[in-house]
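would you be able to build a 3D model of this:
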Amino acid sequence: MPVAPVPQAAAPPQSAAFKPPAFAFPPQQPPAAAPAPPAAPQSKLQQYLPLILILNVFVLLVILLILFFVIRHK
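Reported below is the predicted structural model:
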């Protein structure tokens, strides 16, 4: 059984009028990210908030201890 010849893909004809440009465009860079805005300075309340919370817990524990002993010794 004869095998049919496979036609080779023909190269596209080169146009004499087309020439690739002599220069290349620079690669496109993604836009630069906007710089982060400067952080606002913390207020005094924000600055001392951890200390306020710790003191608050301490005061609540003292109140609970006082109530515990007052109720227990009645």
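
any weak-confidence spans in this structure?
1-16, 20-21, 74 (pLDDT under 70).

how much space between Leu55 and Tyr48?
Distance, Leu55 to Tyr48, using CB to CB, to the nearest Å: 10 Å. No exception for glycine: its C-beta is placed from N, CA and C like everyone else's.

actually, Phe23.
According to CB to CB, Phe23 stands 63 Å off from Tyr48.

could I get the full set of strands for this structure?
With DSSP state E as the criterion, the chain has no strands.

so where do the helices sit in it?
Assigned by DSSP state H, the chain shows helices spanning 44-72.

tell me how far Pro35 lies from Pro41.
18 Å.

oh, I was asking about Phe25
46 Å.

now do Phe18
63 Å.

cool, Ala22 as well?
Counting by CB to CB - Ala22 and Pro41 are separated by 56 Å.

how many neighbours does Leu45 have?
Neighbourhood size, Leu45 [other CB atoms under 10 Å]: 8.
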